[in-house]
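**Student:** need a structure here:
(chains A and B)
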Protein chains: 2
Amino acid sequence: MNIDGRQYRALWVEGKAISFIDQRKLPYTFEIFTTRSVDDVAFAIKEMVVRGAPAIGAAAAYGMALGEKEPEKSAALLRSTRPTAHDLFHAVEYMTKAIDHAENAFDAASTYVESIIDGCKKIGENGDILIKDEMTILTHCNAGALATVDYGTALAPLRVAHKKQKNIFVFADETRPRLQGLLTAWELHQEGIPYALIADNAAGYFMEKNEIDLVIVGADRIAKNGDFANKIGTYEKAVCAKENGIPFYVAAPASTFDVTLKDGKQIIIEERKRQEVTQINGKDIMPDWVTVKNPAFDLTPNKYVTGYITESGIHKKIFIREKKIVYR
Amino acid sequence: MNIDGRQYRALWVEGKAISFIDQRKLPYTFEIFTTRSVDDVAFAIKEMVVRGAPAIGAAAAYGMALGEKEPEKSAALLRSTRPTAHDLFHAVEYMTKAIDHAENAFDAASTYVESIIDGCKKIGENGDILIKDEMTILTHCNAGALATVDYGTALAPLRVAHKKQKNIFVFADETRPRLQGLLTAWELHQEGIPYALIADNAAGYFMEKNEIDLVIVGADRIAKNGDFANKIGTYEKAVCAKENGIPFYVAAPASTFDVTLKDGKQIIIEERKRQEVTQINGKDIMPDWVTVKNPAFDLTPNKYVTGYITESGIHKKIFIREKKIVYR
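**Tutor:** Down below sits the predicted model:
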């Protein structure tokens, strides 16, 4: 991704250190967070130095490489960080097998990460066909390069459309409680794609006014039947999109599809700490006595999804068979 | 309303001064904002020292009394403050007539305000019938005593149910951008009603999980056919409530019904300044370069409304004829 004229990835390896763009600090300051142990990587995932299911998967792959001497312990530690993101579990499994087969762990992790980046690039090319000139697209949370190492999932088609000089406009939900919409705004700002950040409450208003033509979101875990978990608020946007006849697409690589789940009901929704709601940038915005609930994800049933944009194309329905993903 | 054991109203008259609980400061600090001219009252409305359609109406009534020597100028000034709240226009019209008839303007304003308070008290009693023991109720924004001088509209039935010792639980949407959900949390906290504040994004999640039994919201303006404007995000909650088969009620006094509008399409939606999105408590939470849109209200068509809780009862359909509101 382009950051002030230089090319970056959300995370990268240098020797035996894994560096991350510290997403807790963005878009206020650009800082690099460097890790040298699986414990540090687990911290980076849990505290959301890195976030977004595909990027979490990439971090976990490198984390397994750093912790390759105790693969079972490393796997257990990494799995305990974020329960909803499927890519995390997928990457840990991939790396466990690579280490079992005595592959070079860093090479295996890099192969994994390159496959994610390649998948996202293809998602961009495949999704671009949905985007016509003069369209306004709504997205929720950040499913951009920051969330996926590079290119993004939901944002990848927008990058391609913009590069092809289609005139597009993006509404970015601010995505409380953690305001990941600011990360989306920052990526769009860096790319020169016109956008407006809106309160999450305003998405329905713009849909009702016919000012949104298309919704594209990412996913944290997709069940065999296409039900999917994504950042809290995705369900509301999906319901409102359906009510207003607006196409609603989910963009995700194969690593986000969970072959073990028949439907979305078994997806574990992570509850996160109250401070995510009561603080912004580490400063209180609410008094101590306020009682809060903070589910981090929600579940959107497949009936709200127009299609799935994947590295193999756009699919109306998805069946996942054993370890292979079969698109129909 | 009860505040730390003392009884307060959102605004009150003392001699020729109108005092307001400064809602910009709540729930962090409790401050009184005192006005002695129609210009000061107009400022208080525009800057949201006072907010909520019925309370804005009450403020405007007193503002007209303060500006009674130039009633047309005072009326024009007050009308220019907040375009969406119907109570404001209703109160200005009421006071214009009272001044025309050479009534004592402060007495007329007090009569107007007492009728609003009386209406809200009755809304509480009428709405209480909807609330069963062990129910969980969702509300959006603040339609409490702060928004209506006393009792509230959406919160009035909850106060009555709680006083009758029904066990209830309230989800309060935080209501970005201005976080009026904190005012709701503060009122519920003061009354000892159990609640949780949630990100606006989480309301749909709890509906989908069958954890919400009933939705009650206030309104800023209701057209003849029952379409209504309310705080941005209300539309999304209404659509999700319908999708999940959850009853959705609007609580409002007669002063919020606009006899001049056939339906909601003509309601003017106020756009407010970007700082409401980019700042919290006067401090930046977003960088300067972020592009923002900030519609303050949205429109919910009547088909999403189960019923209207008014001072005359609960009504499934509403027709407003000329100056009289006829409930059927």
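
**Student:** who touches the longest helix along chain A?
**Tutor:** As assigned by DSSP state H, the longest helix anywhere in chain A is helix A:105-127. Helix A:105-127 is touched from outside by A:9, A:13, A:16, A:54, A:57-58, A:61-62, A:64-65, A:68, A:87, A:91, A:94-95, A:98-99, A:148-153, A:156-157, A:159-160, A:216, A:249, A:251-255, A:309-314, with contacts defined as CB atoms under 8 Å, 6 or more residues apart in numbering or on different chains. Using the backbone N, CA and C atoms, a C-beta is placed for each residue, glycine as well.

**Student:** Mind checking which of these are buried?
**Tutor:** A:9, A:13, A:54, A:57-58, A:61-62, A:64-65, A:68, A:87, A:91, A:94-95, A:98-99, A:148-153, A:156-157, A:159-160, A:216, A:249, A:251-255, A:309-312, A:314 (16 or more other CB atoms under 10 Å in any protein chain shown).

**Student:** Just the ones of these in helices?
**Tutor:** A:54, A:57-58, A:61-62, A:64-65, A:87, A:91, A:94-95, A:98-99, A:148, A:156-157, A:159-160.

**Student:** what are the ranges of the helices in chain A?
**Tutor:** Remark: helices assigned in chain A by DSSP H are A:38-46, A:53-66, A:71-79, A:86-100, A:105-127, A:145-148, A:155-163, A:181-191, A:203-208, A:234-243, A:275-278.

**Student:** Quick test: name the residue nearest the centre of chain A.
**Tutor:** Centroid-nearest residue in chain A, with CA atoms, centre = their mean: residue A:52, separated by 3.2 Å.

**Student:** Check the ones in helices among the buried ones among the contacts of helix A:105-127 one by one and keep those near chain B.
**Tutor:** Among those, no residue lies close to chain B (CB under 8 Å from any CB of the partner chain).

**Student:** sorry, back to before: can you list the helices of chain A in CSV and add mean pLDDT?
**Tutor:** CSV is the format used below for the helices of chain A (pLDDT from 0 to 100):
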stretch, mean pLDDT
helix A:38-46, 98
helix A:53-66, 98
helix A:71-79, 98
helix A:86-100, 96
helix A:105-127, 97
helix A:145-148, 98
helix A:155-163, 98
helix A:181-191, 97
helix A:203-208, 98
helix A:234-243, 98
helix A:275-278, 98
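
**Student:** who wins for proximity to residue B:236 among the ones you listed?
**Tutor:** Counting by CB to CB, residue B:236 lies closest to helix A:203-208 out of the helices of chain A; the figure is 3.7 Å.

**Student:** Tell me who's in contact with the residue sitting furthest away from the middle of chain A.
**Tutor:** Among the C-alpha atoms of chain A, the one most distant from their mean position (CA atoms, centre = their mean) is that of residue A:289, at 32.7 Å. By CB under 8 Å, 6+ apart, residue A:289 lies in contact with residue B:189.

**Student:** could you redo the last one with a cut-off of 10 Å?
**Tutor:** Residue A:289 makes contact with B:27, B:185-186, B:189, according to CB atoms under 10 Å, 6 or more residues apart in numbering or on different chains.

**Student:** Residue A:104 now?
**Tutor:** Shown in contact with residue A:104 (CB under 10 Å, 6+ apart): A:65, A:68, A:98, A:110-111.

**Student:** Just give me the closest of the residues you listed to residue B:1.
**Tutor:** Among the contacts of residue A:104, residue A:65 lies closest to residue B:1 (CB to CB), at 59.6 Å.

**Student:** How about the closest one, nearest residue that isn't a chain neighbour?
**Tutor:** Excluding the flanking residues, the one nearest residue A:65 by CB to CB, 6 or more residues apart in numbering or on different chains is residue A:105, at 3.9 Å.

**Student:** and residue A:266, how many neighbours?
**Tutor:** Neighbour count of residue A:266, defined by other CB atoms under 10 Å in any protein chain shown: 13.

**Student:** hang on, isn't it packed against residue A:225?
**Tutor:** No - judged on CB atoms under 10 Å, residue A:266 makes no contact with residue A:225 at a distance of 11.3 Å.

**Student:** roughly how far apart are the closest residue to residue A:77 other than its chain neighbours and chain B?
**Tutor:** Spatial nearest neighbour of residue A:77, chain neighbours left out: residue A:42 (5.0 Å); criterion: CB to CB, 6+ apart. Using CB to the nearest CB, to the nearest Å, residue A:42 is found at 26 Å from chain B.

**Student:** correct me, but residue A:42 touches residue A:18?
**Tutor:** No - the criterion here is CB under 10 Å, and residue A:42 misses it with residue A:18 at 11.6 Å.

**Student:** any residues in contact with both of these two?
**Tutor:** Jointly contacting residue A:42 and residue A:18 under the rule CB under 10 Å, 6+ apart are A:35, A:59, A:63, A:66.

**Student:** count of residues packed around the residue nearest to the last one when sequence neighbours are not counted?
**Tutor:** Which is residue A:66. In space, and not counting its chain neighbours, residue A:66 is closest to residue A:38: 4.8 Å by CB to CB, 6+ apart. Neighbour count for residue A:38, taken as other CB under 10 Å: 25.
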